[in-house]
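J.: have a look; sequence and predicted model below, questions after that.
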Amino acid sequence: MRIGTFIAFWVTAIPGPRAVQAQAPQNTPVHIFGMVHRQRPIPPTQWFTNQEFQVMANHMGILNGPDGGGISFPGPFDEVLAINPDAVSLAQWEAMDVQPGDSARMEALDVVEDVFIHSADPASLTASVNGTQTTLWFIQDIRGAQIAPQYTPPGVTEYLVEWAPNATGPWTLLQTIPDQGFMFYNAVDSTVDASRFYRIRTRLLDDRVIDFSWTAQIDLTATISVAIASVTLGGDMTILCYGDAPTDPANARLEVDLNNNKVFEVSERFPLATVAAFGDGGTLFTGPTTNPLVAADLQSFRAVVTGDTQTVRGPVLGAYQTARLNNRINSRSHDPYLIWASHPLHIAQTLERLDAALVLGFAGMRFDFAFDTLELDWAASGVPPDWVVGTGDTRIADSVETFLATIKASRPEAILTINGRWAVNDPSNLFDRYMPHVDGADVEFFVIGNDADATSIQSNTATSLGAVWRLRSMGKLAFCLAGANRLNLEGRLKSFAFYLFVTDDNTYFYNELGDEFNQSVVYFPEWDVPLGQPIAPTTDFADLVDPANPNLLSRDFDSGRVIYNNGLAPQVVAPGRTMDLLSVEGGLSPLAGGDGLAVYESVTSVTIQPGDVAILVDGNSVPAASRFGFVVLFLLLCAAAAVLFRARNDAAATGPR
């Protein structure tokens, strides 16, 4: 009896941290939103290991995208359902873009140019007076070119140049021009009539005639007409345009909005070189091929060729656009073509895809709108005439709202969510416009970096928590998507702690690791922290300020406490009893094939540095498995000692032989 008492006392008094291996969640307030839209050119059942399937099926509350990211459908979700028939998943849908690699969808949309959002007229069509006739210039319809190996382009055979007495018609054929693979084409109308409108249509190999240009009206004051063909942004900048020889070629220039104030100033003008080309009296303008002033955050620029009084605006290129097709705008992240979400053809495709997902057991769909912020600041100066959300023109926002309202009204039973980085103060009021039509939203960039004051309305922390509280007040799901590197242990634990400040049954967490781990099923060992359930909900920062110390933000749980030092000096916290302080080591949880560990150290007080967090757990809540290893080790040591002790006694009793 005395020996047993001694052993029990000795085990409970063992000092130092205890490493907790991976285990199924127990008594945790954490709900995981697993973003697993992996894309690989291999059979779907090989996209994930069996270990990853187990994590997805048993450790994540809601999955997003186990359908190949919208590329291969249904993808691996069948494997998840085989493990857990009750698994909840949202299919993934790029709701404002189409990728050339998505062959079937690209072919369906590519022939309808008004599906796409353009930075300028798809044909760069311009019309000007040249003596007693009208000169028209336009660029090649690149829909006739090869886009991707798996994509069969429609093919372009000729261009139909048409005119009408007004913008809506009736239209009369002026000239037919065969497609010869040229970058630029021109046409002539022997009439100079200010009331005339012009347009270009394209005939395809299968004899379909499709819209190409916007309508253009003759400019009676201009003596040149210029088509802007292409702009390439990289370490160097190159711009190509073609048109009539200007009367003042020295004024051919490139204008770059270097300070992003949406104004092209005199100091932002750079000369364009002019080179005669094509032998038909036109002029090819190029350059500058090297421009050290091009910055990564460049918002917009334009090519300007001045002849008498005409200024021709070229395609506007922002930091989010790369390769071009008919002046279509591209997404920065994965280079698809951006489309009008509310176009009937796109809505029809979305409903078709959603119906297929629901039949296969998906609960609904997550829409990713292909830009970083739903304030839509990427669209600055996007479509002539210049328009920016917040200045009265909200066509993209209107399109998104119409899309969401139509899909939700058509399929009310489906769970619909959207991506977004939401501002606390949203001048465009997009939050209130979009949320009535969806069931939840991402809170991207959730608590990243260090804020001097987490409660400041301008801080990323306040923006993140404010968005969650606002979603909760509307009865919506909130998905807190952090972005700490797997080995940034401090940042990883901080964003997780702030999630614990807002967690409830409708609030989920995930850590997006970016390109480094975009093919991984992410699961970290700290996500199993056994805090129990929160004592009370939180609705704003007033619920988090510690009444005993206003420098601290804290939240109590059944079996622990989460604390953040929002002050400027270290803070000592003494919980009044021995508790276990959580820290982390390594990367992903062994559940996900990693080397990560949740480490618990018994403390009676903890010093928290400014900007740091402390997650404290009651000692008896730490999983028994973590203690069992020490118990076994101690018992083995005791057994070994007992054997040695008995051997010595036996030897002493018998004496030497």
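T.: Nice, thanks for sending it over. Numbers count the residues shown, from 1 in each chain.
J.: element containing residue 490, please.
T.: In this structure, residue 490 is located in helix 489-502 according to DSSP states H and E.
J.: so who does residue 474 touch?
T.: Residue 474 is in contact with residue 435, counting by Cβ atoms under 8 Å, 6 or more residues apart in numbering. Yep, even glycine has a C-beta here, placed from its N, CA and C like the rest.
J.: phi and psi next, for it.
T.: Dihedral angles of residue 474 (phi, psi; degrees, to the nearest 10) stand at phi -100, psi 0.
J.: that one and residue 561: what is the separation?
T.: 29 Å (Cβ to Cβ, to the nearest Å).
J.: equivalent analysis for residue 110, please.
T.: As it turns out, when the distance is counted by Cβ to Cβ, residue 110 lies 57 Å from residue 561.
J.: now residue 95
T.: Distance from residue 95 to residue 561, counting by Cβ to Cβ: 40 Å.
J.: neighbour count: the two, which is higher?
T.: Shown here are residue 95 and residue 561; by other Cβ atoms under 10 Å, residue 95 has more neighbours (23 against 20).
J.: so the more buried one makes contact with residue 350?
T.: Yes - using Cβ atoms under 8 Å, residue 95 is in contact with residue 350, at 7.1 Å.
J.: overlap in contacts of those two?
T.: With Cβ under 8 Å, 6+ apart, residue 95 and residue 350 have common neighbours residue 403.
J.: do a quick rundown of the helices in this structure.
T.: Shown for the chain, the helices assigned by DSSP state H span residues 2-12, 50-59, 77-83, 103-110, 344-359, 395-410, 430-434, 460-473, 489-502, 624-654.
J.: where exactly do the strands run in the stretch 301-450 of the chain?
T.: Residue ranges of the strands in the stretch 301-450 of the chain, as given by DSSP state E, counting those that start in this stretch, are 301-304, 306-307, 310-311, 337-338, 364-368, 415-418, 440-444.
J.: mean pLDDT for those: which is lowest?
T.: Here the strands of the stretch 301-450 of the chain differ in mean pLDDT, and the lowest is strand 310-311 at a mean of 48.
J.: poorly predicted segments of the stretch 51-200 of the chain, please.
T.: Applying pLDDT under 70 to the stretch 51-200 of the chain picks out residues 67-75, 100-103, 119, 144-154.
J.: apply 50 and report the result again.
T.: Low-confidence segments of the stretch 51-200 of the chain, defined by pLDDT under 50, are located at 148-149.
J.: need the least confident one among the helices of the chain, by mean pLDDT.
T.: Least confidently modelled of these is helix 2-12, at a mean of 31 by mean pLDDT.
J.: related to what we said a few turns ago, got the angle between the helix holding residue 490 and strand 440-444?
T.: With axes from the mean of the first three to the mean of the last three Cα atoms, to 10 degrees as the basis, helix 489-502 and strand 440-444 are set at 150 degrees to each other.
J.: now do helix 489-502 against helix 460-473, angle only.
T.: Helix 489-502 and helix 460-473 meet at an angle of 30 degrees, taking the same axes, to 10 degrees as the criterion.
J.: tell me the helices and strands packed up against helix 489-502.
T.: For helix 489-502, the packing partners by 3 or more Cβ pairs under 8 Å, 6 or more residues apart in numbering; DSSP states H and E come out as helix 460-473, strand 477-482, strand 507-511, strand 549-557, strand 560-565, strand 579-585, strand 613-618.
J.: give the other helices and strands that the longest one contacts.
T.: The one in question is helix 460-473. If contacts are counted by 3+ Cβ pairs under 8 Å, 6+ apart, helix 460-473 sits against strand 440-444, strand 477-482, helix 489-502.
J.: just put the ones you listed in TSV and tack on distance to residue 397 and mean neighbour count.
T.: As requested, the helices and strands packed on helix 460-473 are exported to TSV (distance: least, Cβ to Cβ, whole Å; neighbours: other Cβ atoms under 10 Å):
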stretch	distance to residue 397	mean neighbour count
strand 440-444	15	26
strand 477-482	21	24
helix 489-502	27	22
